[in-house]
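Undergrad: A predicted structure for the sequence below; I have some questions about it.
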Amino acid sequence: MKTLSSDKIVSRLVYDAVFLAAALLLSALETIIPLSSIPIPGFKPGLANIAVCAACFRYAPVDAWSVSLARCLIIFLLFGNPVSLVFSLFGSVLSLVAMTVLRSGRISHHFSFIGISVLCAFFHNTGQVLACVIMLGNHAVSYFPVLAASSLVFGSVTGLILNLLHSSVIYRNHDRLTS
Amino acid sequence: MVDKAIDSRPKKRFSRGDLLALAAVAAILAASVVFLLNGRKGNTCLITANGSSVSYSLSENRRIDLVSNGYSLTVEIKDGQVFVTESDCPDRVCVRTGKISKTGQEIICVPAQVVIEVTGGGSGEDFIIG
């Protein structure tokens, strides 16, 4: 006989799997839209962050870490680009650290997802600039202002989408989970 | 306990905290632009001609006449920039290069074997790992 707690565990697992699939699809979507053809490394809309943030705030940071790192790994396994993997990992890890801090403290209720998303995008891009500097030399810091600006713009867009998904996806039936 | 969970959720609408976050990122953006634009201006230039190099400060306006490899060039330092005003080399690429002032920028005259490079400034050296 299924107990309530095992239902919750299965539900969480399924949700995380769907978030992972969504993150992968959103990454694939970014290759289609012409924006990402600008030859600046890491100039992406960061749509996959929608799924990662959703996982983080619906459940816990560990879900966000799992979804994000699994996504990096799968994309590497599918397309086999080690440089790309290093960039993704640097960006994702820094962004996840920021997300974990925002989730854990008593500060997440001061923001809406726009602020959270902008900060995550900012740290993601900063991580990628850092990877660029390590691999290509100090002059790569000149990419930083452009990427900071892009994190401001794209982070707001992503955050807006998350705000719209607040009740319908992220906190759907959430009361049942915490009671 | 449910109330406590709801209290720690992010808000649904754009709020003051978001504005703070956006302002912080914008401030970092502005600071990085200012830092990168200023920090890379060089303060000296190294002129290599006839196999030897001499370093000149860019803060003093100066006019330097060079003869190298059979060609004569006139280099001028003015307002923190260095440029070649006259040259009798065949294609005058050096003159057409224009004014340089940032660390790492160079004016090169191949026939005369002259290299003018801006050095110093805040940016430091290149390093390549691996």
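TA: Yes, it's here.
Undergrad: okay, now residue B:21: neighbour count?
TA: 24 (other CB atoms under 10 Å in any protein chain shown). Just so you know, the C-beta spots here come from the backbone N, C-alpha and C atoms, and that holds for glycine as well.
Undergrad: how much space between it and residue A:51?
TA: 21 Å (CB to CB, to the nearest Å).
Undergrad: and residue A:24, by the same measure?
TA: Residue A:24 is 9 Å from residue A:51, where distance means CB to CB.
Undergrad: more neighbours, the two?
TA: Neighbour tally, residue A:24 and residue A:51, criterion other CB under 10 Å: the higher count belongs to residue A:51, 26 against 18.
Undergrad: is stretch A:142-159 in proximity to chain B?
TA: Yes. Stretch A:142-159 lies within reach of chain B by CB under 8 Å from any CB of the partner chain, at A:142, A:144-145, A:148-149, A:151-152, A:155-156, A:159.
Undergrad: just the pLDDT for the residue most central in space within chain A.
TA: With distances taken as CA atoms, centre = their mean, the residue of chain A nearest its centroid is residue A:49 (2.7 Å). Listed pLDDT for residue A:49 reads 95.
Undergrad: again, but for residue B:129
TA: Taking residue B:129 on its own, its pLDDT is 41.
Undergrad: which secondary structure elements does the top helix by length along chain A contact?
TA: Assignment by DSSP state H gives helix A:4-32 as the longest helix of chain A. Under the contact criterion of 3 or more CB pairs under 8 Å, 6 or more residues apart in numbering or on different chains; DSSP states H and E, helix A:4-32 touches helix A:48-58, helix A:61-79, helix A:174-178.
Undergrad: next, the buried residues of that helix.
TA: Within helix A:4-32, the residues scored as buried using 16 or more other CB atoms under 10 Å in any protein chain shown are A:12, A:15-16, A:19-20, A:22-24, A:26-27.
Undergrad: for stretch B:50-62, same thing?
TA: In stretch B:50-62, counting by 16+ other CB under 10 Å, buried: B:56, B:58.
Undergrad: export it to CSV, keeping only CA atoms.
TA: This file holds the C-alpha atoms of stretch B:50-62, laid out as CSV (Å, rounded to 0.1, in the frame of the first residue of the first chain):
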residue,chain,number,x,y,z
ASN,B,50,67.9,49.4,-36.0
GLY,B,51,67.9,46.4,-33.7
SER,B,52,67.7,48.5,-30.5
SER,B,53,64.7,49.6,-28.4
VAL,B,54,64.1,52.8,-26.6
SER,B,55,61.2,53.5,-24.3
TYR,B,56,59.4,56.8,-24.3
SER,B,57,56.8,58.1,-21.9
LEU,B,58,53.5,58.9,-23.5
SER,B,59,52.8,61.7,-21.2
GLU,B,60,55.3,64.1,-22.8
ASN,B,61,54.6,65.4,-26.3
ARG,B,62,57.6,64.6,-28.4
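Undergrad: between the helices and strands packed on helix A:4-32, which one is closest to residue B:55.
TA: helix A:61-79 (47.5 Å; CB to CB).
Undergrad: please see if the closest one touches chain B.
TA: No. Helix A:61-79 lies out of reach of chain B by CB under 8 Å from any CB, never closer than 13.0 Å.
Undergrad: what's the closest non-adjacent residue to residue 12?
TA: Answering for chain A, as no chain was given. Nearest residue to residue A:12, sequence neighbours excluded (CB to CB, 6 or more residues apart in numbering or on different chains): residue A:59, at 5.8 Å.
Undergrad: other chain: chain B
TA: residue A:166 is the one closest to residue B:12 (CB to CB, 6+ apart), at 4.8 Å.
Undergrad: and the pLDDT for that neighbour?
TA: We have a pLDDT of 89 for residue A:166.
Undergrad: check the one 5 residues further on too.
TA: Looking at residue A:171, its pLDDT reads 83.
Undergrad: need the contact list for it.
TA: A:58, B:9 (CB atoms under 8 Å, 6 or more residues apart in numbering or on different chains).
Undergrad: tell me the secondary structure for residue B:56?
TA: strand (DSSP: H, G, I helix; E, B strand; the rest coil).
Undergrad: quick one, which of the helices and strands packed on helix A:4-32 is packed in tightest?
TA: helix A:48-58 (a mean of 27; mean count of other CB atoms under 10 Å in any protein chain shown).
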